[in-house]
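Enquirer: sequence and predicted model, in that order:
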Amino acid sequence: MSGSFGERLSAAFERAGHLCVGIDPHPYLLERWGLSDSAAGVRDFGLRVVDAASARAGIVKPQVAFYERHGSAGFAALEDVLAAARSAGLLVIADAKRGDLGTSVEAYGQAWLTPGSPLEADALTVSAFQGVGSLEAPAALAIAGGKGLFVLTATSNPESVGIQTAVIARGEQAGRSVSASIVAEVNSWNRKPLGDIGVVIGATVALGDYGLSDSDLAATPILAPGFGHQGVGFDALHTVYGSAAHNVVVSSSRAILDAGPDGITDVIRAQTRQLAEVFSA
Ligand SMILES: O=c1ccn([C@@H]2O[C@H](COP(=O)(O)O)[C@@H](O)[C@H]2O)c(=O)[nH]1
């Protein structure tokens, strides 16, 4: 592995496009895939998705919660899925949404972003509820080691609107929305053309409602759930993200996984093609 996370993400976009295949072994999907709702089932599911994604997409995003359901055996399964994805040359975003402060959040960073660690991924989703500054240690670790973070900023779920559009009352970010303050602070860690510390901005949101504009995101990687099962079509990409669309990791889980083990390769191929058309239009 060489280069910064931003460089590796740009290379993945260039090589394989912007699709990020979600690895979300929901119980209903395990049943549909003929697998048991067990650690062995989620392991098999993850490995099959990795196999289908490799050579057809550049990025995968395992949803850690579905592995954590199975305790230590689930984490062992996840370790195998992460290792298989990375050795297949896929960029891996662990969707674990970790957040804390001081040495505790530093330990989360070490768990997911240290080269050679059992749960090594290329990037980790994190929460800034304790302040973006609380993420300093994992951000420094990521930047030093060629890894990335994606900070929850304007999430795709409707329940988030109140808290994420709330206006900051005190401190250096006073007057900005919570989302805009997260973007401003994250950007202080980023360098052009594409930084290592990204944000999660769902495809279901309108940037303006959050006090954001596409020009704020010129060098910021954007992890974008909300496509497919949550209702947004790929053709909305430029409308939602404007000039920042070229930085978007287009996350799609159930809209791919619903195809089952026999249909998944065709769906990944089709979604990759659709996205390439959106970017070339
Ligand atoms: O704002 C957010 C942040 C994360 N997610 C996660 O992305 C996938 C979406 O799955 P779909 O099946 O494509 O809807 C899932 O793992 C969520 O936990 C999100 O949806 N929104």
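Expert: Everything's here; your move. Numbering: from 1, shown residues only.
Enquirer: interface residues of the chain facing the ligand?
Expert: Contacts of the chain with the ligand, taken as C-beta under 6 Å from any ligand atom, map to 22, 24, 63, 95, 155-157, 200, 202, 225, 228-230, 251-255. In short, each C-beta sits where N, CA and C put it, glycine included.
Enquirer: PyMOL command to pick out the buried ones of those?
Expert: Per 16 or more other C-beta atoms under 10 Å, the buried members of the residues of the chain next to the ligand correspond to this PyMOL selection:
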select buried, resi 22+24+63+95+155+156+200+202+225+228+229+230+251+252+253
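Enquirer: okay, and which of the residues of the chain next to the ligand map to helices?
Expert: 254, 255 (DSSP state H).
Enquirer: now the strands for the stretch 1-150 of the chain?
Expert: Taking DSSP state E, counting those that start in this stretch, the strands of the stretch 1-150 of the chain run over residues 19-23, 59-62, 91-98, 123-126, 148-154.
Enquirer: I'd like the next helix or strand past the last one.
Expert: Just to be clear, that refers to strand 148-154. helix 161-165 (DSSP states H and E).
Enquirer: which residues are in contact with the most centrally placed residue in the chain?
Expert: When C-alpha atoms, centre = their mean is applied to the chain, the residue found nearest the centroid is residue 223 (4.7 Å). Residue 223 is in contact with 20, 61, 93, 125, 150, 198, 199, 200, 201, 249, 251, counting by C-beta atoms under 8 Å, 6 or more residues apart in numbering.
Enquirer: got a list of what the closest residue to residue 201 other than its chain neighbours touches?
Expert: Once flanking residues are discounted, residue 201 sits nearest to residue 154: 4.6 Å by C-beta to C-beta, 6 or more residues apart in numbering. Neighbouring residues of residue 154 by C-beta under 8 Å, 6+ apart: 160, 164, 179, 199, 200, 201, 202, 205, 207, 210, 212.
Enquirer: also residue 233?
Expert: residue 227.
Enquirer: show the pLDDT at it.
Expert: pLDDT, residue 233: 97.
Enquirer: distance of it from residue 36?
Expert: Distance of residue 233 to residue 36, given as C-beta to C-beta, to the nearest Å: 34 Å.
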